[in-house]
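Participant: dropping a prediction and its sequence here:
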Amino acid sequence: MSSSKTLIRTLIKNPTRIKSKSQAKQLHAQFIRTQSLSHTSASIIISIYTNLKLLHEALLLFKTLESPPVLAWKSVIRCFTDQSLFFRALASFVEMRASGRCPDHNVFPSVLKSCTMMTDLRFGESVHGCIVRLGMDCDLYTGNALMNMYAKLLGMSSKISVGKVFDEMPQRTSCDDLKDETCIMPLGMDSVRKVFEVLPRKDVVSYNTIIAGYAQSGMYEDGLRMVREMGTTDLKPDAFTLSTVLPIFSEYVDVIKGKEIHGYAIRKGIDSDVYFGSSLVDMYAKSARIEDSERVFSRLSRRDSISWNSLVAGYVQNGRYNEALRLFRQMVMKKVRPGPVAFSSVIPACAHLATLHLGKQLHGYVLRGGFGSNIFISSALVDMYSKCGNINAARKIFDRMNVHDEVSWTAIIMGYALHGYGHEAVSLFEEMKQQGVKPNHVAFVAVLTACSHVGLVDEAWGYFNSMTKVYGLNHELEHYAAVADLLGRAGKLEEAYEFISKMRVESTGSVWSTLLSSCSVHKNLELAEKVAEKVFAIDSENMGAYVLMCNMYASNGRWKEMAKLRLRMRKKGLRKKPACSWIEVKNKTHGFVSGDRSHPSMDRINEFLDGVMEQMEKEGYVADTSGVLHDVDDEHKRELLFGHSERLAVAFGIINTEPGTTIRVTKNIRICKDCHVAIKYISKITEREIIVRDNSRFHHFNRGNCSCGDYW
DNA sequence: GTAGGGTTAG
């Protein structure tokens, strides 16, 4: 190497010439040996150390400088930012200003990034003031960083910490120009737009930043407008642009536009990008094209935890719960660590499948991973425990949460509603409002469902009307359905019929079939026939309606009508979905199909049922065969009843668990009336708490009673 | 200096 002065001159021009860590250390040693380590040369070495990520060495050398020049300051600030030590980066910036050094345009991108990461908008605004005063608001990199900061911080206004950095700064009085600077900025994306317009030259990053800002604040049309504007310049969309734009089409469920982007990405060779790949998997899944998601996922050259989770979440969104769990397991086996988002995606799969043991396992993972206080996960857990039949565990998690939002409130309210504790649900709804949390559409579905399950007609009307009058929410199909259900259950069948006929949204087969089942409960065959025609007019293949009508004809002895209806079913190729129930015993799920005697424990089950039957009859049980739709004699009907899947599952549970263990059974269709009576007796005779989840709610059987109060 | 996946209902 030539003389130190020449070396310095060469390095100032191109400090990246030093490529290895040992080279940098050698250079440093050489300067010390020749006693030529001036302020300038030290700064250059600091900057070289920073480039090579030698944080410790850079800081040590920095500390030896009495009055560090700008180059040294900016290296150190960048160093801290790169190492995610954002507070220290900002503290250094304040110290630098206090020492009278004037920052150059290389300093601000790091400083602004630190403000963004510290979520301190006030500090960021004062830095912006500083930038304007130094005339650096036209600098491309600085402007891009400013846009990013405003987009992130103004978009999350409820979560930002105002002036946190200043308050913690020990020497804050020595930096007056920062402290007093307050920019009065317009809110939200307007600030970003303003910065964007000031920039004399824009690059791809400028466009990407503003597009992402619009996309993340839900201003999709403005985002897409910027993409078009970008097209009129000679700047071309890159991987960043595309992975920002695709989620807009997921939101719009516009698979045509999404596919166009996919095609463009293939032509540009961007389709293998991990970020873009995850957006693509998500876009196809949200457009109900899960096979396309699978195809994209299988072709990804590299997969990180987000790309895995995009497909897991996609499966859940499309109701493919077992596949979601399978993929999640596969991901863990491949040593890809699931983050908090992965848990909040996969836990709902357990909720839908009612697999308590898997849900509990995931809960364990969550706690070990330190995600116990994540509000998304906690809400999902509340829902999972309640759907798996354990409302007490759900309540415990709810009570331990630090903050409750409308989603967590709704989860617990819906939980109580489904378990038949309608009054508790209604009072929680009131508590939510009291605490200033505004109920949304789903919260109203929950509270109306609660009213419906316990027959709170007046309260339900109050809530239904308050939606539009107090909260400015539209009535959606689900709200109409809940009220119609409520009227029907309460026996106000004609009123319910009128209500559905006058709904302001298009009715569906399911709304009418809810009323149909009320007609069946209240034995109103005449109205049922009218309602059934409504159902078939909308949905001619509605199995539930066929079965209900067949049942009603059967219980009225109208075998001819029943046969006609069955013929109609057969012509359409419809087959009755077999009733099945399942139960978890020792972490294994056992399924039972009505009338199927193939389970290996069948002999023991029958032996148990025969024994318990004797006692039941002593206590006054009489088989209610009215629900059996077969045209056979009563003795045969009784036998058919005893083969019902829920009864088999309950019996299996009792003979395979310790005395006193709670029995949890899940059934795919509504629990049968006679089984409901029988299980009440069984709970009393065996002294067991038995919880049956059917397709609409939970029944807690205890000491001969059921939580539904026989109102379901 | 820029990007992707999440909770409640149906």
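Facilitator: Good, I have the coordinates. Numbering: from 1, shown residues only, chains lettered A, B, ... in the order given.
Participant: quick one: buried residues of stretch A:240-260?
Facilitator: Neighbour counts over stretch A:240-260 (16 or more other CB atoms under 10 Å) mark A:240-250, A:255, A:258-259 as buried. Glycine gets a C-beta too; all of them are placed from N, C-alpha and C.
Participant: just how off-centre is it within its chain?
Facilitator: For stretch A:240-260, the distance from its own C-alpha centre to the chain's C-alpha centre is 20 Å (CA atoms, centre = their mean, to the nearest Å).
Participant: which residues touch that stretch?
Facilitator: Residues lying outside stretch A:240-260 but in contact with it, judged by CB atoms under 8 Å, 6 or more residues apart in numbering, are A:204-205, A:207-208, A:211-212, A:215, A:220, A:223-224, A:227, A:230, A:237, A:261, A:264-265, A:270, A:273, A:275-276, A:278-280, A:282-284, A:286-287, A:289.
Participant: which helix or strand contains A:Gln26?
Facilitator: Using DSSP states H and E, A:Gln26 falls within helix A:21-33.
Participant: still on that earlier bit, among the contacts of stretch A:240-260, which are in reach of DNA strand B?
Facilitator: A:Val204, A:Val205, A:Asn208, A:Ala212, A:Ala215, A:Asp273, A:Tyr275, A:Phe276, A:Ser278, A:Ser279, A:Asp282, A:Lys286 (CB under 7 Å from any atom of the strand).
Participant: so which of these are in helices?
Facilitator: Residues from those lying in helices, with DSSP state H as the criterion: A:Val204, A:Val205, A:Asn208, A:Ala212, A:Ala215, A:Tyr275, A:Phe276, A:Ser278, A:Ser279, A:Asp282, A:Lys286.
Participant: could you identify the most distant pair in these?
Facilitator: Every pair in these was compared (CB to CB); the two farthest apart turn out to be A:Val205 and A:Lys286, at 27.6 Å.
Participant: quick one: which of those two has more around it?
Facilitator: A:Lys286 (22 against 18; other CB atoms under 10 Å).
Participant: quick check: chain neighbours aside, which residue is closest to that one?
Facilitator: On the basis of CB to CB, 6 or more residues apart in numbering, the spatially nearest residue to A:Lys286 that is not a chain neighbour turns out to be A:Ser250, at 4.3 Å.
Participant: return the backbone torsion pair for the one you found.
Facilitator: The main-chain torsion angles of A:Ser250 are listed as degrees, to the nearest 10 and equal phi -60, psi -40.
Participant: ok, now how distant is it from DNA strand B?
Facilitator: 6 Å (CB to the nearest atom of the strand, to the nearest Å).
Participant: again with A:Met467
Facilitator: A:Met467 sits 14 Å away from DNA strand B when distances are taken as CB to the nearest atom of the strand.
Participant: same question for A:Leu516.
Facilitator: Shown here: A:Leu516 relative to DNA strand B, a distance of 15 Å by CB to the nearest atom of the strand.
Participant: any idea how many residues pack against the closest residue to that residue other than its chain neighbours?
Facilitator: Spatially, and ignoring its direct neighbours in sequence, A:Leu516 is nearest to A:Val531 (4.8 Å; CB to CB, 6+ apart). The criterion is other CB under 10 Å. On that basis, A:Val531 has 28 neighbouring residues.
Participant: need the pLDDT of A:Val531.
Facilitator: Predicted confidence (pLDDT) for A:Val531: 92.
Participant: re the thing from before, just flag the most distant two among the buried residues of stretch A:240-260.
Facilitator: A:Phe240 and A:Val255 (22.2 Å).
Participant: rewinding a little: wait, the residue nearest to A:Leu516 sits on A:Cys519?
Facilitator: Yes - applying CB atoms under 8 Å, one finds A:Val531 in contact with A:Cys519, separated by 5.9 Å.
Participant: please enumerate the strands of the stretch 551-700 of chain A.
Facilitator: In the stretch 551-700 of chain A, the segments counted as strands under DSSP state E, counting those that start in this stretch are A:580-585, A:588-593, A:663-667, A:690-693, A:698-702.
Participant: tell me which of these sits most buried.
Facilitator: Most buried of the strands of the stretch 551-700 of chain A, by mean neighbour count (mean count of other CB atoms under 10 Å): strand A:663-667, with a mean of 25.
Participant: which sections of chain A are below the confidence cut-off?
Facilitator: Confidence mapping of chain A against pLDDT under 70 gives the ranges A:1-5, A:7-13, A:15-16, A:156-164, A:166, A:170-187, A:626-632.
Participant: quick one, domains of it?
Facilitator: Recorded structural domains for chain A (assignment: automatic domain parsing) are A:202-302, A:580-706.
Participant: ok, back up a step: now do the contacts for the residue nearest to A:Leu516.
Facilitator: Counting by CB under 8 Å, 6+ apart, A:Val531 has contacts A:Tyr497, A:Trp512, A:Leu515, A:Leu516, A:Cys519.
Participant: what about it, distance to A:Val511?
Facilitator: 10 Å (CB to CB, to the nearest Å).
Participant: may I see the buried residues of stretch A:398-410?
Facilitator: Buried residues in stretch A:398-410, counted by 16+ other CB under 10 Å: A:Phe398, A:Met401, A:His404, A:Glu406, A:Val407, A:Ser408, A:Trp409, A:Thr410.
Participant: quick check: which element contains A:Glu125?
Facilitator: Element membership of A:Glu125 [criterion: DSSP H and E] is helix A:121-133.
Participant: what is that helix packed up against?
Facilitator: Using 3 or more CB pairs under 8 Å, 6 or more residues apart in numbering; DSSP states H and E, the elements in contact with helix A:121-133 are helix A:86-98, helix A:108-118, helix A:140-155, helix A:164-168, helix A:176-179.
Participant: could you tell me which residues of the stretch 451-600 of chain A lie near DNA strand B?
Facilitator: A:Glu478, A:Ala481, A:Ser510.
Participant: A:Gln23: which of those residues is nearest?
Facilitator: Where those are concerned, and distances follow CB to CB, A:Gln23 has its nearest neighbour in A:Glu478, at 67.7 Å.
Participant: in the stretch 551-700 of chain A, which spans are helices?
Facilitator: Taking DSSP state H, counting those that start in this stretch as the criterion, the stretch 551-700 of chain A carries its helices at A:559-571, A:602-618, A:634-642, A:645-655, A:673-686.
Participant: can you put these in JSON lines and add mean neighbour count?
Facilitator: Shown next, in JSON lines, are the helices of the stretch 551-700 of chain A (neighbours: other CB atoms under 10 Å):
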{"stretch": "helix A:559-571", "mean neighbour count": "14"}
{"stretch": "helix A:602-618", "mean neighbour count": "15"}
{"stretch": "helix A:634-642", "mean neighbour count": "15"}
{"stretch": "helix A:645-655", "mean neighbour count": "24"}
{"stretch": "helix A:673-686", "mean neighbour count": "21"}
